[in-house]
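In: A predicted structure for the sequence below; I have some questions about it.
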Amino acid sequence: MKELEGTVNNIIYRSDETGYTVFELTVSGTDKPVTCVGGFSYIAEGECLRIKGRDKHHPVYGDQIEVFSYEDIEPNDAASMERYLASGIIKGVGLKLANRIVKAFGDDTFRVIEEEPEALVDIKGISAKLARAISESFEEKRGIRDLMIFLQKYGISNSLALKIHKEYGSGAKKKILENPYCLAQDIQGVGFKTADALAMNIGISKDCDHRIRAGLLYELTMAEGAGHTYLPADMLVAGVCGLLDVDETAAQRALDVLTVEGQVIVKSPGIGEDYESEPVKVYRAPFYYMELGVARMLLDLDSMDQYGGEITEAELRNMNMGEDVELDDLQKKAVREAYKHGVFVLTGGPGTGKTTTIRAMISYFEKKGLTILIAAPTGRAAKRITETTGYEALTIHRLLGCQGVPDDPASGRRGRFTFEKNEDEPLEADAVIIDEMSMVDLPLMHALLKAVCQGTRLILVGDANQLPSVGPGNVLKDILASHRFNAVCLTRIFRQAMESDIIVGAHMINRGEVPKLDNNSKDFFMMERTSAPDIRGVIANLVGGRLARYVEGDVFDVQVLTPMKKGELGTISLNSLLQQFLNPPEEGRKQMEYRDTVFREGDKVMQTKNDYHLEWEIRERGFVKSTGSGIYNGDMGRIRQINTFSQHMVIEFDDNRFVDYPFSQLDELELAYAVTIHKSQGSEYPAIVLPLLTGPMQLFNRNILYTAVTRAKKCVVIVGSRQTVSAMIHNENEQKRYSGLTKCIVEMSMH
C-alpha cells in the first residue's frame, strides 16, 4: 500500500454511471505523472488529492495505481492553486485568467477569492458580476469538500456525500445536524440504519421525535417488503420500541404525529367489531389508499348486471377448439360467467384445464367480435401463455406501457416510473385476461385497474394455492375471500395430466397427502440423503449433466430450487458451489467481484428488482431486430461479456434480449444456478432439483413445497429427508400476511 499527494492533470476516462475513473496524477517533486484507476464520486482536472492504493500492471494499459481510498486536499502553493483554477472547476475561470489571478495574489489567492472577492475586479477581464460568480463557485466546491470531510468521519462515502450536497446544497450540513433521518427519505443509498448510525454518532438523542418517526416509517416499509400492506398498531409500536430502545409512550406519541401529518393512516375497528379479532391497523398512506382504490374499481367494474347474454350449449360445442378438446361442466360455466360479468376469477391447480378454458374464452369472445388483451406478471409467464394459447401475451408492465425515469446518480434522486395506460388513456379492449394472478401485488393491481374502463371484462386466472406475490398484498386470495365476485375453481385432473406424476403428486401435496416416493416414476424422484454435504454432492452431480441428459436439455435447463437463501442448502452457498462446478475460472474468461459475489462470463443470473429503464435489444445474426426497456424481478439470463475497463457487462436475458448492464447496478443481480422457491413463481423449468433437509417452519410448509413441485415440466428430484417432506406436507401454517383488501371490498359492497 502506498500513499501519494498530487494534482489531477488529465482525466483519461470516466463513467458517470459508476464513478469509475482513469486519470493522471502529477505528484509533487516528480515530472512524470502516474496513472490511477478507481471509483471516485467526482474529481476534476486541477484538484489536489491524497490517495492510498497499490501498484498493478494492466496487460494493455501498463503500470497503474489502483486507488482504494482518497481525500481532497486544498492546494497550498501558488503553482497548485493556478492548476486548480485553470482546470475549469471554477465557473468563468480559464487558463489565462487563472494565471493573472495567481500572479496578482500568489499564495494568498484562495483567501482573497473566499474573503475579499471584490479585490478580483482589479484584474483585467473580471467584472463585479464575474467576481461574485467566481467566489460563489469556489464556495460551492469548498462546501462539497467540507461536507465530505464531515461525513467521512461517520463512515459516509464521498459518492453519497456528493449526492447529499446535490440534494440540499450549501445547507446540507445544517440540515443533517438538525435531522439526519431526512437522508433515508431523500437520498438513494441511505437507509434508515445508515441514517440512524450517523445520528447516534453526531449526538442525536435516542428518544428524539425525528428518530422515532423515521423508525416507524422504516418498520412499515420493511413490512411492505415482507408482503404486508399494514401492521397491527401494537405490533408496530412494540417493533419500534425494540428496534430503537425507546418506551411505548414515546413511540405512540410519534405515531400520533405521523397520523396528523398524513404520512400514516390508522384504521380502528368499526362499531360492534371485536378489538381482539380486528386490530387497529397502521398503513403508510399510499397503501391504504391503494387498497381502497382496488376495492372500489373492482366493484365498479362488476356493477353492471350483465355484460353479455347467456351462451347456449350449441355455441359452446361449435367453438373451434380441436377434435380432442371437450370442455367439462365447470369449464363451460367459466366461459359463460366470464362473458356475463365485469369481473370473473378462474382458479385451479396444475392439469385442471385452466389454459384450455382460457382458449375457449378467447375463441368465443372472438366469434362475438370482442377484442382481447392477455397479460401475466413476468416475461416467462407471458411467454408460456403465448405458447399454450397461440394468442400473444405481454407482461402487465408492457401492457400498461411502463415508462421508467432512471435514478440520477449525480443528484442521488430516486428513479420513478409511470404507466402510459391509466384512467385518462385506458386499455382498448372488450376483455382483459390476467394469468398467474397469485403473483400480482397490490401496487400492480392498482395500476392495472386504473387502465381498465367500465364495460371491459376483467378475467383473473391463477392458482390460489401458490405462494402469494413477492410484493405487498394478497390480491388473489383477498378477492376470493370477499365472495363478492363470480368465480369458478376447476378441480378435475384431465387424463393427459393424470399421466404426469408431477401433477398427481402436486395435487396430493395440496390435499395434505404424501405422494409415493418409491422412484418407480418417470418424472418424480426422491434421493434420500441425511446430511447437507451429501445433498450438495448429489446436486452437483445431477445439475452437472446427468439430469440434463434425462430431460434432453443442457445444464442450464436444470434449476435448483430451495426454500432458503442462507445455510449450506441456501441459494448463496449453492450458487457458489454450482458456479465452481459448472462455470469455473478459466484463462480468458473474465469475471467481476462485487461484494461477496463473483460474476463470471457464462454465469446464469437473475434480476432481483423491477428496473423500468434498463434498455434491451433483440439481436438476430448480429443485427438489432427490436428494442425496448424494462427488466423485471425474476427475469433470468446469461452473462455474455464483462468489460472491466468500461465497467459494464452484457447479459442475454430470455427471448434474446441483450442488456448493456453497468457495474453500478450489480446489486440488482444475483447468481441463479439456485433460486428461492418464492423467486421461481411464474416460471417453468424442464427439470428442478429440490434440496430439503431442515429449516424454519415458516419456510418449510405445504404451500412452499406445492409451489416448488409445480414449477417443473418434465422432472422433479427431491434430494434430502423423507421426514422433512412429510413434515412440510402436514405443515399448513403459511406466513401470515396483513392485508385489508377483503375487508375493503366487503365494506364497500354494503354501501
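Out: Cool, got the structure.

In: residues making contact with the host helix or strand of K743?
Out: Assigned by DSSP states H and E, K743 belongs to helix 741-749. Contacts with helix 741-749, where a contact means Cβ atoms under 8 Å, 6 or more residues apart in numbering, come from 229, 270, 291-292, 294-296, 298-299, 442, 473-475, 478-479, 481-482, 484. C-beta coordinates here come from the backbone N, C-alpha and C atoms, glycine included.

In: can you say which of these are buried?
Out: For these, a neighbour count by 16 or more other Cβ atoms under 10 Å gives the buried set as 229, 291-292, 294-295, 298-299, 442, 473-475, 478-479, 481-482, 484.

In: for the stretch 651-751 of the chain, just list every one of the strands.
Out: Per DSSP state E, counting those that start in this stretch, the stretch 651-751 of the chain carries strands over the ranges 657-662, 669-671, 674-676, 685-692, 712-720.

In: what about the helices in the stretch 151-300 of the chain?
Out: Counting by DSSP state H, counting those that start in this stretch, the stretch 151-300 of the chain has helices at residues 158-168, 172-178, 182-186, 192-201, 209-225, 233-244, 248-261, 285-301.

In: tell me what the second one is packed against?
Out: This means helix 172-178. Other helices and strands packing on helix 172-178, by 3 or more Cβ pairs under 8 Å, 6 or more residues apart in numbering; DSSP states H and E, are helix 128-152, helix 158-168, helix 182-186.

In: contacts for that helix?
Out: Under the contact criterion Cβ under 8 Å, 6+ apart, helix 172-178 has outside partners 143, 146-147, 150-151, 164-165, 168, 182-183, 198, 202.

In: let me see the mean pLDDT of it.
Out: Helix 172-178 carries an average pLDDT of 86.

In: which parts of that helix are buried?
Out: Using 16+ other Cβ under 10 Å as the burial criterion, the residues of helix 172-178 that qualify are 172-173, 175-176.

In: centroid-nearest residue for the protein?
Out: When Cα atoms, centre = their mean is applied to the chain, the residue found nearest the centroid is K609 (1.6 Å).

In: got a list of what it touches?
Out: K609 makes contact with 633, 668, according to Cβ under 8 Å, 6+ apart.

In: and it, that's in a strand?
Out: No: going by DSSP: H, G, I helix; E, B strand; the rest coil, the assignment for K609 is coil, not a strand.

In: how close does it sit to N633?
Out: Counting by Cβ to Cβ, to the nearest Å, the gap from K609 to N633 is 5 Å.

In: same thing with G602?
Out: The gap separating G602 from N633 is 23 Å, by Cβ to Cβ.

In: show me where the stretch 501-650 of the chain has strands.
Out: Assigned by DSSP E, counting those that start in this stretch, the strands in the stretch 501-650 of the chain fall at 524-528, 558-562, 591-594, 597-600, 604-607, 611-620, 623-631, 636-643, 648-653.

In: which of the strands of the stretch 651-751 of the chain sits closest to L49?
Out: Nearest of the strands of the stretch 651-751 of the chain to L49, taken as Cβ to Cβ: strand 657-662 at 24.3 Å.

In: buried residues in the closest one?
Out: Result for strand 657-662 [16+ other Cβ under 10 Å]: buried residues 657-659, 661-662.

In: and for stretch 525-543?
Out: Neighbour counts over stretch 525-543 (16+ other Cβ under 10 Å) mark 525-529, 532, 535-536, 538-540, 542-543 as buried.

In: go on, stretch 645-657?
Out: Within stretch 645-657, the residues scored as buried using 16+ other Cβ under 10 Å are 647-653, 657.

In: list just the nearest of those to R549.
Out: Nearest to R549 among these is E652, at 23.8 Å by Cβ to Cβ.

In: related to what we said a few turns ago, redo the strands of the stretch 651-751 of the chain as TSV? Include mean pLDDT and distance to A334.
Out: Shown next, in TSV, are the strands of the stretch 651-751 of the chain (pLDDT from 0 to 100; distance: least, Cβ to Cβ, whole Å):
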stretch	mean pLDDT	distance to A334
strand 657-662	90	34
strand 669-671	94	38
strand 674-676	96	32
strand 685-692	95	28
strand 712-720	95	24
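
In: picking up where we left off before, closest to P696 out of the helices of the stretch 151-300 of the chain?
Out: Of all the helices of the stretch 151-300 of the chain, it is helix 209-225 that lies closest to P696, at 17.7 Å by Cβ to Cβ.
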